[in-house]
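[1] from the sequence below, what's the structure:
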Amino acid sequence: MRGSLDDSFNLQLPNGWRIEWDEGNTGYGSQPWDVYVRPEARVLSTSFLPPNEHGLFIWDGTHTVKIFKGSGAVSFRLLTDVTLQPGTYVFEANVFPDMVSGYSGGQKQYASDPSAGEVRFIVGGGGSGWLQPAFGQRNTLRHSFTISTPTTVTVGVAMRGRYALANNGFFMDAWSLRRSS
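    From the prediction side, this is the model:
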């Protein structure tokens, strides 16, 4: 089952972007918690984050996007449509995977399974395979693609947290799409 943004949901997103998500069995287990649930989405300014987290979650400016769910598996896509001329493009996404399996002494304990959180670029009907970013730190991921005729194409990033962790969260900021040739 898939969900998408409509007027009945209160999800905060950056201007010009939309979200889709999966609901139902993850395919990674048969326990009651092995189901994808609707994530929460927030656009957070520095006033909503402790000062010591600004440098972790904000790459540029004063805002970051956080899409997450506590104690639930998530699979979602953040998408927009762009009109592109022929050429080769580089899509860059800055992501901080906050894949927290638990807490010890007030400190986050990040998931030990590298497939607990994954990221994939979407370009039209294609994109990249699933990537496994490092948890608990900034990741700058890039994907190159070529457009042969002028077209409007859907671009975005899919992210999934396979397991019902204490927190399945992805912070993201300062994405770019630039023509390289």
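[2] which SS state does the residue at minimal distance from the centre of the chain fall under?
    Taking C-alpha atoms, centre = their mean, the centroid of the chain lies closest to Met159, which sits 4.4 Å from it. Following DSSP: H, G, I helix; E, B strand; the rest coil, we place Met159 in the strand state.
[3] for the closest residue to Arg138 other than its chain neighbours, list the residues it contacts.
    In this structure, Arg138 finds its nearest non-sequential neighbour in Phe96, 5.5 Å apart by C-beta to C-beta, 6 or more residues apart in numbering. Every C-beta, even on glycine, is put in place using the N, C-alpha and C of the backbone. Applying C-beta atoms under 8 Å, 6 or more residues apart in numbering, we find Phe96 in contact with 56-57, 136-139, 170-172.
[4] redo those as CSV? Include secondary structure and neighbour count.
    Below are the contacts of Phe96 laid out as CSV (DSSP: H, G, I helix; E, B strand; the rest coil; neighbours: other C-beta atoms under 10 Å):
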residue, secondary structure, neighbour count
Leu56, helix, 16
Phe57, helix, 21
Gly136, coil, 14
Gln137, coil, 10
Arg138, coil, 16
Asn139, strand, 17
Phe170, strand, 27
Phe171, strand, 23
Met172, strand, 22
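[5] ok so, going back, quick one: average pLDDT of the helix or strand hosting the residue nearest to Arg138?
    Assigned by DSSP states H and E, Phe96 belongs to strand 87-104. The pLDDT scores in strand 87-104 average 97.
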